[in-house]
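Colleague: When you get a sec, could you give me coordinates for this:
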Amino acid sequence: MNQVESRPAVVTGKPTLSPRQIQSARDDRRIRRLGIFLRPFARLAYRRRRIPVIAITGSVGKSTTTAFIARVLGTTFRVVRTPGNYNDLTGVPTTILGVGRIKTVRRYLREFPRVVFRTFVRQHRADYFVLEVAAGGIEHQLTIFSPRLTVVTAITDAHVEMFGSVEGIIREKGRLVRALPETGHAVLCYDDAFNANPASMRAALETFREVAGERRRVVVLGDMYELGEETARFHREVGQQAAAVADVLIGVGEHAHDYVREFTTMRPSVPAFHRRNVEEAFEVVRRELRPGDAVLLKASHGVELQKLIPRIRSLDLLRGSRT
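Modeller: Residues are numbered from 1 along each chain as shown. Next up is the predicted model:
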């Protein structure tokens with residue numbers, strides 16, 4: 001009698017997706033298709049007025065940073081900002097056009113006459129766009145506008161499945177830095193974390209070096225809080241790490257003199273300054289910052305380095321580089 005050899009079962013095919021994942025994929029495809037239809041109109045509307053764009057991206061803190069910059073600038077200028085977190089491939093063009101959020105084909109058809117009107121007849125009358133820009137499709141968003149200032153908040157492993165690695169996320173968000181004109185500014189602001197620590201400082205410096213590329217690097221580091229008896233040593237170590245990155249170093253706060261001391265030891269010919277608070281630090285930034293510089297802001301939240309962001313933007317205005 002013939003014997004039939006028993007073999008293990010082989011399961012092939014794609015992994016089973018949950019209903020939520022299937023719906024999310026469908027939504028993503030729909031948004032991408034709608035973005036294709038909206039971008040040409042948004043591009044035309046932008047080019048008719050050339051309103052300067054402040055672009056904000058990052059893994060966390062985008063909406064808070066967008067709101068903060070818009071609120072500060074809004075005390076003096078007319079500002080149009082991203083509503084809520086409308087930062088995707090339809091949210092950015094609809095913000096520029098000044099029409100409601102369009103997420104379905106039916107809504108697009110209903111809003112189409114208004115889209116045309118806002119493109120060719122009545123564009124925004126504003127001094128600035130403050131736009132939150134999500135990762136995924138940034139290269140498409142850049143066919144609409146050119147940023148004058150790019151702010152990158154903290155980069156984490158959020159959405160790493162989309163880009164394969166944190167380095168992939170850095171490359172994606174770095175598109176907004178590389179798109180800046182020679183006179184534009186890049187600000188990497190990692191101080192949305194409430195307690196900066198040596199590891200996060202090191203990561204911020206390494207990321208900054210990669211994202212800034214060939215631009216002159218101005219590094220503003222504030223105190224790291226709650227480090228106990230090792231406070232001085234940790235600040236000295238960060239100062240050593242900054243020496244491999246910064247073309248200008250500004251230390252802010254009580255313990256920041258240790259950054260500067262160690263930095264100066266390693267690079268005595270490179271400008272380095274210690275200041276007690278943000279107000280004093282801004283005076284140094286005002287003097288040292290040049291058109292086209294990349295700026296890193298990193299500190300524990302209590303140092304309040306985020307207050308420098310709109311003031312750096314104001315320096316761009318004072319120097320007449322707004323075009």
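Colleague: tell me the helices in the stretch 1-150 of the chain, going along the chain?
Modeller: Secondary structure of the stretch 1-150 of the chain by DSSP state H, counting those that start in this stretch: the helices cover 19-49, 62-73, 91-97, 105-120, 138-141.
Colleague: Which stretch among those helices approaches residue 261 most closely?
Modeller: helix 62-73 (31.2 Å; CB to CB). In this view, the C-beta of every residue, glycine as well, is placed from N, C-alpha and C.
Colleague: Please identify the buried residues of that closest one?
Modeller: Using 16 or more other CB atoms under 10 Å as the test for burial, helix 62-73 gives 62-63, 65-70, 72-73.
Colleague: Give me the distance from it to the chain's centre.
Modeller: Helix 62-73 sits 12 Å away from the centroid of its parent chain (CA atoms, centre = their mean, to the nearest Å).
Colleague: Could you list every helix and strand in contact with it?
Modeller: strand 53-57, strand 79-81, strand 128-132, helix 308-318 (3 or more CB pairs under 8 Å, 6 or more residues apart in numbering; DSSP states H and E).
Colleague: pLDDT of that helix, averaged?
Modeller: When pLDDT is averaged over helix 62-73, the result is 89.
Colleague: What angle do strand 128-132 and it make with each other?
Modeller: With axes from the mean of the first three to the mean of the last three CA atoms, to 10 degrees applied, the angle from helix 62-73 to strand 128-132 works out at 170 degrees.
Colleague: Tell me what angle helix 62-73 forms with strand 53-57.
Modeller: 150 degrees.
Colleague: where does residue 236 land in three-state SS?
Modeller: helix (DSSP: H, G, I helix; E, B strand; the rest coil).
Colleague: re the thing from before, the helices of the stretch 1-150 of the chain into TSV, with extra columns for distance to residue 201?
Modeller: Putting these into TSV (distance: least, CB to CB, whole Å) gives the following:
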stretch	distance to residue 201
helix 19-49	35
helix 62-73	19
helix 91-97	32
helix 105-120	45
helix 138-141	26
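Colleague: Residue 302 is nearest to which of those helices?
Modeller: Nearest of the helices of the stretch 1-150 of the chain (CB to CB): helix 62-73, 16.0 Å.
Colleague: mind exporting that closest one as CSV, just the C-alpha atoms?
Modeller: Only the C-alpha atoms of helix 62-73 are listed here, as CSV (Å, rounded to 0.1, in the frame of the first residue of the first chain):
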residue,chain,number,x,y,z
LYS,A,62,3.2,70.7,15.3
SER,A,63,-0.3,72.0,16.2
THR,A,64,0.8,73.7,19.4
THR,A,65,3.8,75.3,17.7
THR,A,66,1.6,76.5,14.7
ALA,A,67,-0.9,78.0,17.1
PHE,A,68,1.8,79.7,19.1
ILE,A,69,3.6,81.3,16.1
ALA,A,70,0.3,82.4,14.6
ARG,A,71,-0.9,84.0,17.8
VAL,A,72,2.3,85.9,18.4
LEU,A,73,2.6,87.1,14.8
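Colleague: got the contact list for that helix?
Modeller: 54, 56, 58, 79, 81-82, 84-85, 87, 127-128, 130-132, 134, 151, 153, 189, 192, 306, 309-310, 313 (CB atoms under 8 Å, 6 or more residues apart in numbering).
Colleague: buried subset of those?
Modeller: 54, 56, 58, 79, 81-82, 87, 127-128, 130-132, 134, 151, 153, 189, 306, 309-310, 313.
Colleague: how many other residues sit next to the spatially closest residue to residue 135 that is not a sequence neighbour?
Modeller: With sequence-adjacent residues excluded and distances taken as CB to CB, 6 or more residues apart in numbering, residue 135 is closest to residue 172, at 4.9 Å. By other CB atoms under 10 Å, the residues close to residue 172 number 20.
Colleague: and residue 172, helix, strand or coil?
Modeller: When classified by three-state DSSP, residue 172 comes out as helix.
Colleague: ok now do it, which residues does it touch?
Modeller: Residue 172 makes contact with 135-136, 138, 163, according to CB under 8 Å, 6+ apart.
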